[in-house]
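> Dropping the sequence and predicted coords here.
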Amino acid sequence: MRLLIPTLLISLSMALCLNAAAAQPQPRVLVFTKTTGWRHDSIPTAIAALQRLGAQEGLAVDHTEDAGDFNDKNLQRYRAVIFASTTGDVLDATQQAAMESFVRAGGGYMGVHAAADTEYDWPWYGQLVGAWFKSHPPGLQTTKVVFEHEGIPTAVPAWTVTDEIYNYRSNPRSAVQVTATVDERDYQGGTMGADHPIAWCHGYDGGRAWYTGLGHEIKLYADPQFEAQLKRGLRYVVRFSDEC
């Protein structure tokens, strides 16, 4: 009997731990793809990729185009919201206030491609995303993406990518941590000069924000480099990692 008691206690402890783990709700993120301007053909592919990558990280990934989902009660269910190629004015004033409250409570924001072509009349959002879209050269451009950490290029080899390359209204570097730049010498139509950020992250207003300007081209979502970039963004905004 004495030998059985420790065994029973261990079994009971393990059962309690398993029950406690099972009681923890699965962390969730919300992908938002409403557009009132240009609509990218890559949106369905982006949703599928984010759901696949989220599942690999143990995240439940919901999708919506209903701006009404931006209310305090609903947003409390999520660790982060992902604006995937949204365009134009997608939230009204009440919904914007809910998004601001969500971030101030520690929520994450992830922006993909045309997320920077969104909500030009909402200054808070412009600071959240880091920079607004200005223009892009016609068609797809091929350029080298150079990764960096704390302003210094990393030893990771440059990545050659073909995509729609955005120019921004301002260089966000002074307000964010730039994680990747593009080389305007590779293509025609760049307007930002020698320092052309294309991906970045920062802490903002109590929450975390991460953005990549890539993601126009459907084929890109099958590129292991782009998948890895999106996964780093996901992990950063849901606070699985401090590296972005």
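Thanks, I have the structure now. Numbers count the residues shown, from 1 in each chain.
> was I right about Phe240 contacting Gln56?
No: under the criterion of Cβ atoms under 8 Å, Phe240 is not in contact with Gln56, lying 11.4 Å apart. C-beta: built from backbone N, CA, C; applies to glycine.
> who's more crowded, those two?
Phe240 (16 against 11; other Cβ atoms under 10 Å).
> Show residues contacting the helix or strand hosting Ile198.
In this assignment (DSSP states H and E), Ile198 forms part of strand 197-204. Residues outside strand 197-204 that contact it (Cβ atoms under 8 Å, 6 or more residues apart in numbering): 103, 109, 127-128, 130-131, 145, 165-166, 168, 171-173, 175-182, 208-214, 229, 233, 236, 244.
> Next SSE downstream of whichever strand or helix holds Leu30?
Assessed by DSSP H and E, Leu30 sits inside strand 28-32. Downstream of strand 28-32, the next assigned helix or strand under DSSP H and E is helix 43-56.
> which secondary structure elements does that next one contact?
Helices and strands touching helix 43-56, by 3 or more Cβ pairs under 8 Å, 6 or more residues apart in numbering; DSSP states H and E, are strand 28-32, strand 60-64, strand 80-84, helix 224-237.
> Below-threshold pLDDT in the chain: ranges please.
By pLDDT under 70, the low-scoring segments of the chain are 1-23.
> returning to what we had before: any chance of the helices and strands packed on helix 43-56 in TSV with distance to His40 as columns?
As requested, these are exported to TSV (distance: least, Cβ to Cβ, whole Å):
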stretch	distance to His40
strand 28-32	14
strand 60-64	15
strand 80-84	9
helix 224-237	15
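> For the chain, just list every one of the strands.
Ranges of strands within the chain are 28-32, 60-64, 80-84, 108-112, 133-135, 141-149, 152-153, 159-163, 167-168, 177-182, 197-204, 207-212, based on DSSP state E.
> which one of those lies closest to Asp223?
strand 159-163 (7.5 Å; Cβ to Cβ).
> Tell me which residues touch Val29, please.
Per Cβ under 8 Å, 6+ apart, neighbours of Val29: 50, 54, 59-62, 78-82, 108, 110, 234, 237-238.
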